[in-house]
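**Q** A structural model of the following input is requested.
(chains A and B)
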Amino acid sequence: AQRVTQPEKLLSVFKGAPVELKCNYSYSGSPELFWYVQYSRQRLQLLLRHISRESIKGFTADLNKGETSFHLKKPFAQEEDSAMYYCALRGDTGNQFYFGTGTSLTVIP
Amino acid sequence: EAQVTQNPRYLITVTGKKLTVTCSQNMNHEYMSWYRQDPGLGLRQIYYSMNVEVTDKGDVPEGYKVSRKEKRNFPLILESPSPNQTSLYFCASSRTYLQSYEQYFGPGTRLTVT
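**A** Sure thing, here's the model as predicted:
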């Protein structure tokens, strides 16, 4: 069964410090994984997808199939990164989505 | 302006009283989806639709119905709401099911069932 686990509900880091938001998944095939972000008073939006392998707003995420992980990283956190982050997995058919429980990131000035 | 709208935004109702939450998008998107968000559980997919007249169950469809008679609308129907359906509901749409990862989310509907 597909499952996405985000072990940290809350994460606080100081501005300029590195940040890593953890995501582990359970999936029997070739997963498609994504990170979504929800800033205060804004709608949930796509941050990045593992296939594109790009850096968005300084964030990167590498799919590690051996560890079944897709951690989100940024070397130097900024105050504007404070938000709710969700890891998500797209299922076999491409239609179903499975979201993690989310991690609330606070960047302390 | 491209957007996904939901109505109502807030609703308090009683157990067993049928209700409909509407969702509409103006982007000519084929794929639409409903989620519920609960503390500690994150977002869970209720139903999705790949196109008009094509709908399928997500992870938590029990107690919900949907219909997709027109491309722009995807209403969520609770025939007999129960308190465990108290939640924050989000509608989302994307151009196609292949691009379902790039979903545009609505503002949310906060439902309370007493």
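**Q** A:Phe70 and A:Ala61 touch, don't they?
**A** Yes. Taking contacts as C-beta atoms under 8 Å, A:Phe70 lies within contact range of A:Ala61: 5.5 Å. For every residue, glycine as well, the C-beta is placed using N, CA and C.
**Q** Now do the shared contacts for these two.
**A** When contacts are counted by C-beta atoms under 8 Å, 6 or more residues apart in numbering or on different chains, A:Phe70 and A:Ala61 are jointly contacted by A:23, A:33, A:35, A:50.
**Q** which of these tops the neighbour count?
**A** Neighbour counts for those, by other C-beta atoms under 10 Å in any protein chain shown, peak at A:Cys23, which reaches 27 neighbours.
**Q** I'd say that residue and A:Glu67 touch.
**A** No. Contact between A:Cys23 and A:Glu67 fails when scored by C-beta under 8 Å: they sit 10.8 Å apart.
**Q** does stretch A:50-57 come close to chain B?
**A** No. Stretch A:50-57 is not in contact with chain B by C-beta under 8 Å from any C-beta of the partner chain; minimum separation 8.9 Å.
**Q** Rounded mean pLDDT for that stretch, please.
**A** The predicted model gives stretch A:50-57 an average pLDDT of 82.
**Q** Flag every residue of chain A that's near chain B.
**A** Residues of chain A lying near chain B (C-beta under 8 Å from any C-beta): A:6, A:9, A:32, A:34, A:43-46, A:49, A:86, A:88, A:90, A:94-102.
**Q** ok, B:Pro107 - contacts?
**A** Here B:Pro107 is in contact with A:43, B:4-6, B:9 (criterion: C-beta under 8 Å, 6+ apart).
**Q** near chain A, which residues of chain B show up?
**A** So chain B meets chain A at B:31, B:33, B:35, B:40-45, B:48, B:50, B:56, B:58-59, B:90, B:92, B:97-98, B:100-107 (C-beta under 8 Å from any C-beta).
**Q** those strands in chain B, which residues are they?
**A** B:4-7, B:10-13, B:19-25, B:31-38, B:42-51, B:54-57, B:65-66, B:76-78, B:87-94, B:104-105, B:109-113 (DSSP state E).
**Q** just chain A next, same as before
**A** A:3-5, A:10-14, A:19-21, A:24-26, A:32-38, A:45-49, A:60-61, A:72-74, A:83-90, A:97-99, A:103-108.
**Q** Just give me the residue closest to the centre of chain B.
**A** B:Trp34 (3.0 Å; C-alpha atoms, centre = their mean).
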